[in-house]
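Chemist: 3D, please:
(chains A and B)
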Amino acid sequence: MNKNVILYAAILIFGLVAPYVFPAFKVQLSILCVLIVLATTWNIQGGEMGYNTFGNILFYGLGMYLCASVQVGMFFPLAEWTESGGEKTFVHTPSQFFQGMAVGLVVAAVVPTIVAGLIGYAILGLRGHYFAICTLGLGVAAGEISGGIEIIGAGQGFTTPPFPNVGGLEARGEFFYFLSFGALVLTFIAVRSIYSTRFRLILNAIRDNEDKAEAMGIETMKYKIIGWMVSAFFCGLAGGIMGGLVGYIDSTDVAFDGREMGVFMVLMAILGGKGTLWGPVIGATVFHIFKEGFWTFFLGWQYVALGVLIVVIVIYFPEGIMGWLREKYPERFGEVVDEKDRKAQVELK
Amino acid sequence: MDFMVFQYPMITVQACLDGILLGILFALIAYGMALQWGVMNIINIAQGDLVILGGYIAYFMYLYGIHPAWGVIVSPIIMYFVGVGIYKLVINKVVDRDLFISILATFGISILFMQLMNFAFGADVVLANSGYGTTFLFDNAVVLPNSKIFSAFISIVFAICLVIYMKKSKLGRAIRATAQNARAAKILGVDTEKVYAATFGINAALCGVAGALISITFTIHPYMGLPYTIRSFMIVIVAGLGNLPGVAMSGMGLGVFEEFADYILGTEFRIGSVFLLLVLILVYRRFKLSRKREYLK
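Modeler: Below is the predicted model:
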């Protein structure tokens, strides 16, 4: 236990000093935090519950649009803002900006949670690949439909309020870094505390055999919906932060970006190891470093590399990094390995 | 919103005819999907991208001065080998695994194809002009391009040929046997590996035919693949596996739905309404089944 405390303290301290130690990577670190949040929340469905969703991007995009709309709409007419296409007809004062952001983030987290609760009963009744395709459809439909709505910019896009002129670029980077790091810490603590309760066992029971879990008297639907609502809460929050960070929202390329973010979160969780607490964190970190480090070498060929990467990871590493570690050092994961049994296995080989 | 549909009844006729001709094409793609789903238990997200690739083959023939209608012959031949190649490289490793693995792997292939096509052919919306002219019906109130009629006719011809082939030929029998029980087929001497490769190849060839027809009748664009996948998935889940009349009917139904969505909601919501319809159909079936304490699986 003591070792864990040191580990967490080290990560927390690293997180707090990182923007000052690596000032050039502030934006990248903020994106990394958002990616970890998304991978962790995907893991609640895909890893623990066995419901492979492509639809969590729906909550991410919803959060993004909601946060920006609230931030603008609180002080200025929204339609005129989007119509001007980012022209500086209205300027937020610093206090307006931060107030708007705070309220916007709350709305961005709460509304997707409610949406998840409302559609959860209908969607989570599907299983297996029907669920996967249905959520894929949901994400794409949201992107296509939001691309046709005038008040949030339609195909033209939505420029989020620019950061007020206090402290220049440095302050902007630090603000969004600490915001996303805060979201990450919040997510991690929430997910960790959830995973240490009976809730995780119920989710795992649903994954392993839902019919049996139901027969044992567990109200599976209730827990599935709660799990999805938790995911939606943090996805929406991450979306709201990401919208402010990017500064520009497009319906299919930024918000409901099923081709990028929607796949990334699945990929990161699988790369790290589904159904573990640390897997998505490790997976997201490795993925982000790989992506940012090597993307420049594939200039223009990123999506080709992404396609190949998906195929390779899915075919050759379906258990992910944590799964590989677990196979190699089962003792560290609290699995008791019978020495005789292991010898017998080796002899068999 | 546009209420032209209610003011001019002829638009209804137009939309229905357009939708039916379009739906026959969708049904052809869906038939390929049903085939591989039934035989290999794989949902191929890259289905639509195979269609678009087939369309580009016809388009390039058109660019080099060959009439694009010949693409209907050339494109499936090339696409057959593309399909077998994809099978050998990727699909044979995911056939026996979890369905989600196959969905994700084919999603990767889809992204790969999308981007490769974007590099190779550019991001422009293109079409191959067949020069078939148009037919006017009911005092010029209904306009039907002949290319649409041609494409529907060719689709029907290919579908009938395929059905006969599946019924009569040795490979067709082997495919059907594998679909019923792969293990038993293996015991009785069917080389299932070959059957799977051929199935995937035939599916890709069907996509090639459909793609060539789409490049003549409509437009193609590297990123337009996913809607075709979703449409064929939708048609298959409505009709069920191995139900060809059902596939044809639900294909036409979807085509008509899309034309009406286009007229009533506007073109920008057309693709969105297709995806939304998928969600609604799945949810409807889920509630219908849950009355009997069953679920979609």
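Chemist: got any ranges where the stretch 151-297 of chain B has weak pLDDT?
Modeler: Applying pLDDT under 70 to the stretch 151-297 of chain B flags residues B:242, B:296-297.
Chemist: Which residue ranges of the stretch 151-297 of chain B form helices?
Modeler: Using DSSP state H, counting those that start in this stretch, the helices of the stretch 151-297 of chain B run over B:170-180, B:182-187, B:192-217, B:225-239, B:244-265, B:270-290.
Chemist: Out of those, which is closest to chain A?
Modeler: helix B:270-290 (3.2 Å; C-beta to the nearest C-beta). For every residue, glycine as well, the C-beta is placed using N, CA and C.
Chemist: what does that closest one contact?
Modeler: Outside helix B:270-290, the residues within contact range by C-beta atoms under 8 Å, 6 or more residues apart in numbering or on different chains are A:122-123, A:125-126, A:130, A:133-134, A:137-138, A:140-141, A:143-145, A:147-148, B:227, B:230-231, B:233-234, B:237-238, B:254, B:257-258, B:261-262, B:265, B:295-296.
Chemist: got it, and stretch A:144-151?
Modeler: Contact with stretch A:144-151 is made by A:61, A:65, A:78-79, A:82, A:152, A:154-155, A:251-252, A:255-256, B:266, B:268-269, B:271-272, B:275-276, as judged by C-beta under 8 Å, 6+ apart.
Chemist: try 7 Å
Modeler: Applying C-beta atoms under 7 Å, 6 or more residues apart in numbering or on different chains, the contact partners of stretch A:144-151 are A:65, A:78-79, A:82, A:152, A:154-155, A:251-252, A:255-256, B:268-269, B:271-272, B:275.
Chemist: what's the first-to-last distance across that stretch?
Modeler: End-to-end distance for stretch A:144-151: 15 Å, by C-alpha to C-alpha, to the nearest Å.
Chemist: Tell me the residues of the stretch 101-250 of chain A that contact chain B?
Modeler: Within reach of chain B by C-beta under 7 Å from any C-beta of the partner chain, the stretch 101-250 of chain A has these residues: A:122-123, A:125-130, A:132-134, A:137-138, A:140-141, A:144-145, A:147-148.
Chemist: Can you confirm whether the longest helix belonging to chain B lies near chain A?
Modeler: Using DSSP state H to define each element, chain B has its longest helix at helix B:9-40. No. Helix B:9-40 lies out of reach of chain A by C-beta under 7 Å from any C-beta, never closer than 9.7 Å.
Chemist: and the helix or strand following that helix, C-alpha only, in CSV?
Modeler: Counting by DSSP states H and E, the next helix or strand C-terminal to helix B:9-40 is helix B:47-63. Extracted in CSV, the C-alpha atoms of helix B:47-63 (Å, rounded to 0.1, in the frame of the first residue of the first chain):
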residue,chain,number,x,y,z
GLN,B,47,-17.8,-2.8,-47.2
GLY,B,48,-18.6,0.7,-48.3
ASP,B,49,-14.9,1.5,-49.1
LEU,B,50,-14.8,-1.5,-51.3
VAL,B,51,-17.8,-0.1,-53.1
ILE,B,52,-16.1,3.2,-53.6
LEU,B,53,-12.9,1.6,-54.8
GLY,B,54,-14.9,-0.4,-57.3
GLY,B,55,-16.4,2.9,-58.4
TYR,B,56,-13.0,4.5,-59.0
ILE,B,57,-12.0,1.6,-61.2
ALA,B,58,-15.0,2.4,-63.5
TYR,B,59,-14.2,6.1,-63.2
PHE,B,60,-10.6,5.5,-64.4
MET,B,61,-11.8,3.5,-67.4
TYR,B,62,-14.0,6.5,-68.2
LEU,B,63,-11.0,8.8,-67.9
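Chemist: can you state the direction angle for helix B:47-63 and helix B:192-217?
Modeler: 50 degrees (axes from the mean of the first three to the mean of the last three C-alpha atoms, to 10 degrees).
Chemist: so helix B:47-63 versus helix B:9-40, what angle?
Modeler: Angle of helix B:47-63 versus helix B:9-40, following the same axes, to 10 degrees, is 110 degrees.
Chemist: residues in the stretch 1-150 of chain B within reach of chain A, list them.
Modeler: Residues of the stretch 1-150 of chain B lying near chain A (C-beta under 7 Å from any C-beta): B:43, B:90, B:93-94, B:99-101, B:103-105, B:107-109, B:111-112, B:115-116.
Chemist: Sort out for me which of those are in helices.
Modeler: Here DSSP H is the test, and the residues of the stretch 1-150 of chain B next to chain A give B:93-94, B:99-101, B:103-105, B:107-109, B:111-112, B:115-116 as lying in helices.
Chemist: So among these, which ones count as buried?
Modeler: Among these, those buried by neighbour count (16 or more other C-beta atoms under 10 Å in any protein chain shown) are B:93-94, B:99-101, B:103-105, B:107-109, B:111-112, B:115-116.
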